[in-house]
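Asker: need a structure here:
(chains A and B)
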Number of protein chains: 2
Amino acid sequence: MPEEQHITSVFDRDLEAIQGKIMKMGGLVEAAILDAAQSLETRDEELAEKVRAGDRAIDELEAVINEDAARLIALRSPAAADLRIVLSVMKISSNLERIGDYAKNMAKRTTILSNMSPINGSQAALRRMAREVNEMLKDALDAYIQRDAAKARDVIERDVDVDQMYNALFREFLTFMMEDPRNITACMHLHFMAKNTERMGDHVTSIAEQVIYLVTGDNPDSPRPKSDKTSVDATLSPEAKTN
Amino acid sequence: MPEEQHITSVFDRDLEAIQGKIMKMGGLVEAAILDAAQSLETRDEELAEKVRAGDRAIDELEAVINEDAARLIALRSPAAADLRIVLSVMKISSNLERIGDYAKNMAKRTTILSNMSPINGSQAALRRMAREVNEMLKDALDAYIQRDAAKARDVIERDVDVDQMYNALFREFLTFMMEDPRNITACMHLHFMAKNTERMGDHVTSIAEQVIYLVTGDNPDSPRPKSDKTSVDATLSPEAKTN
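Answerer: Numbering: from 1, shown residues only, chains lettered A, B, ... in the order given. As a prediction, this is how the structure comes out:
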């Protein structure tokens, strides 16, 4: 059936083009994560501005990927398995766009924070967290291209480390604020950034879950290793500390 | 062409069934928003537990809607305009799922906060914010069903009010924390809840943008009236206050 084969290969070629755009988008988002964290640590407002301005290109890529994917579905009427791939592409680009947004939001705070005295070690801790998320994202996108469920599972497990880094930072910020009220404003902003980085990790996890769904057909809805413990951990209350 | 007509009406019937599930999901999410805010204000841990447990039903509905939509595309190969509707259904359900998640996260903090002394008026302010988001969500879903772009635009504009409520609360929390360090932990948790509510508003806005896209074909990517001002507002820094 040469006709059939022809249709398949056109679909594959179109899909490859879209996946190329996903990779490009991934590269931009990875850079945004690292640049946002570095601009905070080195108080580099120019770099922060670059991250803020660069988010537009990420948003535009998402729009293009969505249009391409919709056109591919409409033109090629892919069968169930292929359709699943195209839909996962749309979900992955949506997750990448959200991660880019968080990086932009982090970069926005660099400017206000660079006018305040630095909070002992927090900027470096935030950068370590951002670097870990960046590595996870790289691996999740590799796992997607290679259709490697084991690698995707590894990414999901590493999100626990990011959550732990966040929980540790949350405690640190509380302590700094209680020690000296002049730290409160800076810590509130740093806490935002830490929470944003933790959320980026959640979106990377979503991407990895899409990979597992693609490869195994397992619904990625299974309960994740969770996450932000600050909502349940009683030791965070000052009462508990003094008792 | 009776054949053609038959196909169209089967598509419409399937689409209606999916839209019915979106409405059901919307109803659950609306209730979760209000219950989460009320459980905080009345310190009702049982109600908070109900919100947390109820999130599973919301997640399951999203999975079902995604499967139904993928099946509809695969079986009926809808033309471009119909395909756009089905894809928008998937985006809307994804936004609803995220709003449900935020409500669950809010409810988690009710338990820890009910062991702390209440922060003057903040719980009521949070509830007003949640009520506004709930109204916006109702209207966004109405706008979707009625394909009413004007109503959707109105929803997007109202998100500015939610952002302003959030900014006012952020300032209040800073003040309370500086006045008395014993307020710090409670305020950090309340601030989380305020930020979550503000994010819910952003997701409602996304739903409204989908409606506009469906009706007018305009890309919803246009810059929104933004949003969280705490990242740029210098008056939030204590230095600025004392000068």
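Asker: Correct me if wrong: A:Asp35 contacts A:Lys104.
Answerer: No - the criterion here is Cβ atoms under 8 Å, and A:Asp35 misses it with A:Lys104 at 10.5 Å. C-beta coordinates here come from the backbone N, C-alpha and C atoms, glycine included.
Asker: what touches both of those two?
Answerer: A shared contact of A:Asp35 and A:Lys104, defined by Cβ atoms under 8 Å, 6 or more residues apart in numbering or on different chains, is any residue touching both; here these are A:Val51.
Asker: secondary structure element for A:Ala103?
Answerer: With elements delineated by DSSP states H and E, A:Ala103 resides in helix A:80-113, which encompasses its position.
Asker: Does that helix reach chain B?
Answerer: Yes - counting by Cβ under 8 Å from any Cβ of the partner chain, chain B has neighbours in helix A:80-113: A:Ala80, A:Leu83, A:Arg84, A:Leu87, A:Met90, A:Lys91, A:Ser94, A:Asn105, A:Lys108, A:Arg109, A:Thr111, A:Ile112.
Asker: I'd say A:Leu141 and A:Met23 touch.
Answerer: Yes - in this structure A:Leu141 lies within contact range of A:Met23 using Cβ under 8 Å: 6.6 Å.
Asker: quick one: which of these two has more around it?
Answerer: Neighbours were counted for A:Leu141 and for A:Met23 using other Cβ atoms under 10 Å in any protein chain shown; A:Leu141 has more, 25 against 14.
Asker: What backbone torsions are found at the residue most central in space within chain A?
Answerer: Most central residue of chain A, judged by C-alpha distance to the mean C-alpha position with Cα atoms, centre = their mean, is A:Met200 at 3.2 Å. Comment: the main-chain dihedrals of A:Met200 come out as phi -60, psi -40, following degrees, to the nearest 10.
Asker: A:Ser117 now?
Answerer: Dihedral angles for A:Ser117 - degrees, to the nearest 10 - are phi -70, psi 140.
Asker: what's it in contact with, if anything?
Answerer: Contacts of A:Ser117 were listed using Cβ under 8 Å, 6+ apart, and they are A:Ala186.
Asker: Which pLDDT value belongs to it?
Answerer: The score at A:Ser117 is 80. That number is its pLDDT.
Asker: And the helices in chain A?
Answerer: A:2-41, A:45-76, A:80-113, A:122-146, A:149-179, A:184-216, A:238-242 (DSSP state H).
Asker: Return the most buried member of those helices.
Answerer: Taking mean count of other Cβ atoms under 10 Å in any protein chain shown as the contact definition, the stretch among the helices of chain A with the greatest mean neighbour count is helix A:184-216, which reaches a mean of 23.
Asker: Please report how far the residue lying closest to A:Met188 once chain neighbours are set aside lies from A:Pro118.
Answerer: In this structure, A:Met188 finds its nearest non-sequential neighbour in B:Leu174, 6.7 Å apart by Cβ to Cβ, 6 or more residues apart in numbering or on different chains. Computed with Cβ to Cβ, to the nearest Å, the distance linking B:Leu174 and A:Pro118 is 19 Å.
Asker: Next one: the residue nearest to the centre of chain A from A:Asn134, what distance?
Answerer: A:Met200 sits at a distance of 9 Å from A:Asn134 (criterion: Cβ to Cβ).
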